[in-house]
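> okay, here's the prediction I keep looking at, along with the sequence it came from:
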Amino acid sequence: MTTRTGPEDAPPAYDPSRFPAFAVTVDVVILTMVNATLKVLLVRRGEAPFQGMWAIPGGFKRPNETLDGAAKRELAEETGVDAASLLTQFGAYGDPGRDPRMNVVTVGYLAVLRDVGAIVAGTDAADAALFPVSDVLNETLELAFDHQRIVRDAIDRVRVELEVTGIATAFVGTTFTLAELRTVYEAIWGVQLDAANFRRSVVSDDGWVIPTGGRARPGPAGGRPAELYQAGRAWRHGGPIHRSPAGRRDEVTR
């Protein structure tokens with residue numbers, strides 16, 4: 001049970017003016033896969049500071065709302081995207097000077113969406129769109145504030161979670177092909193995986209994937225459509241493959 005207190009509950013001799021004031025913001029990293037490319041949702045700032053630059057969605061926490069509530073509200077207001085049930089905290093940033101307006105501490109949130117749906121810029125966002133994560137990581141696209149670092153940290157978190165959680169299945173639909181699932185690992189880890197080795201890792205008695213009996217739609221090149229699978233219960237306890245300790249870009253270990 002959380003005990004709620006207010007200024008009236010402070011000790012009689014407590015003087016808050018003795019301590020420097022600072023603001024709290026939330027910043028939200030939304031990741032999705034589009035045509036085998038890992039993308040991040042960004043907004044173009046419509047006002048100073050950094051007016052006209054791209055940034056991750058976010059803003060100031062209101063005095064009467066929780067951090068989770070602020071993240072949900074800011075994401076919806078600036079992009080029209082609803083990811084309330086999927087948002088998780090992954091970091092906090094409070095370096096002096098990270099915001100030119102004042103001393104600001106921000107809490108980073110992360111969510112993975114199979115489909116972000118319609119993107120509609122609102123409030124102080126002049127535009128909102130999906131961008132390849134690679135453009136952010138290699139700094140082809142410069143972001144406002146310290147958002148380059150925040151996105152990089154979010155990607156590092158997802159790279160680790162691919163090995164220890166079932167986050168890979170969050171990027172694909174309820175049914176998927178093995179090629180679609182393999183593409184998630186390749187895009188996030190930046191590797192080229194052998195298709196046969198990957199299949200042996202996930203199609204096993206461990207229950208990672210379960211065949212549905214259905215097949216994907218035929219591709220433009222024709223040929224036999226790929227089998228469709230659904231996620232099994234094993235993903236609740238980890239992931240089926242791990243990055244090779246030897247660091248080779250074309251190998252994974254079980």
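On my side now, so go ahead.
> where in the stretch 151-254 of the chain is pLDDT low?
When residues are selected by pLDDT under 70, those of the stretch 151-254 of the chain lie in 221-222, 245-254.
> all strands of it, in order?
Assigned by DSSP state E, counting those that start in this stretch, the stretch 151-254 of the chain shows strands spanning 209-215, 227-231, 242-243, 252-253.
> got the angle between the first one and strand 227-231?
Okay, so that is strand 209-215. 140 degrees (axes from the mean of the first three to the mean of the last three CA atoms, to 10 degrees).
> pairing partners for strand 209-215, with directions?
Note on strand 209-215: by DSSP bridges, its sheet partners are strand 227-231 (antiparallel).
> in a markdown table: the strands of the stretch 151-254 of the chain, plus distance to Ala48 and mean neighbour count.
Bear in mind the C-beta positions are built from the backbone N, C-alpha and C, glycine included. A markdown table is the format used below for these (distance: least, CB to CB, whole Å; neighbours: other CB atoms under 10 Å):
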| stretch | distance to Ala48 | mean neighbour count |
| --- | --- | --- |
| strand 209-215 | 49 | 13 |
| strand 227-231 | 45 | 19 |
| strand 242-243 | 42 | 16 |
| strand 252-253 | 46 | 16 |
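> out of these, which is closest to Arg200?
Proximity to Arg200 (CB to CB) singles out strand 252-253 among the strands of the stretch 151-254 of the chain, at 10.4 Å.
> list the contacts for the residue nearest to Val158 when sequence neighbours are not counted?
What sits nearest to Val158 in space, not counting adjacent residues and going by CB to CB, 6 or more residues apart in numbering, is Ile188, at 5.8 Å. Residues counted as contacts of Ile188 (CB atoms under 8 Å, 6 or more residues apart in numbering) are 38, 155, 158-159, 162.
> ok, how many other residues are close to Gly69?
For Gly69, the count of nearby residues is 14 (other CB atoms under 10 Å).
> on the pLDDT front, check it for me.
Gly69 carries a pLDDT value of 96.
> how about it, phi and psi?
Phi and psi for Gly69, reported as degrees, to the nearest 10, are phi -60, psi -40.
> distance of it from Gly207?
Taking CB to CB, to the nearest Å as the measure, Gly69 falls 37 Å from Gly207.
> same check, this time on Thr183
According to CB to CB, Thr183 and Gly207 sit 22 Å apart.
> neighbour-wise, which of those two wins?
Under the criterion of other CB under 10 Å, the comparison of Thr183 against Gly207 puts Thr183 first, with 20 against 13.
> hmm, Asn35 and the more buried one touching each other?
No. Using CB atoms under 8 Å, Thr183 makes no contact with Asn35, being 9.5 Å away.
> tally of neighbours for the closest residue to Val34 other than its chain neighbours?
Excluding its sequence neighbours, the residue lying closest to Val34 (CB to CB, 6+ apart) is Leu130, at 6.3 Å. Residues within reach of Leu130, counting by other CB under 10 Å, total 16.
> so, low pLDDT: which residues of the stretch 1-150 of the chain?
1-8.
> quick one, helices of it?
Secondary structure of the stretch 1-150 of the chain, counting by DSSP state H, counting those that start in this stretch: helices at 67-79, 133-137, 147-164.
> check the ones you listed for me and report the most buried one.
Highest mean neighbour count among those (mean count of other CB atoms under 10 Å): helix 67-79, with a mean of 21.
> and it, C-alpha only, in CSV?
Output of helix 67-79 as CSV, limited to C-alpha atoms (Å, rounded to 0.1, in the frame of the first residue of the first chain):
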residue,chain,number,x,y,z
LEU,A,67,5.2,8.9,-14.3
ASP,A,68,3.4,6.1,-16.1
GLY,A,69,0.4,8.4,-16.6
ALA,A,70,2.6,11.2,-18.0
ALA,A,71,4.3,8.8,-20.4
LYS,A,72,0.9,7.5,-21.7
ARG,A,73,-0.5,11.0,-22.0
GLU,A,74,2.5,12.6,-23.8
LEU,A,75,2.8,9.7,-26.3
ALA,A,76,-0.9,9.9,-27.1
GLU,A,77,-0.9,13.8,-27.3
GLU,A,78,2.2,14.1,-29.5
THR,A,79,1.7,11.0,-31.8
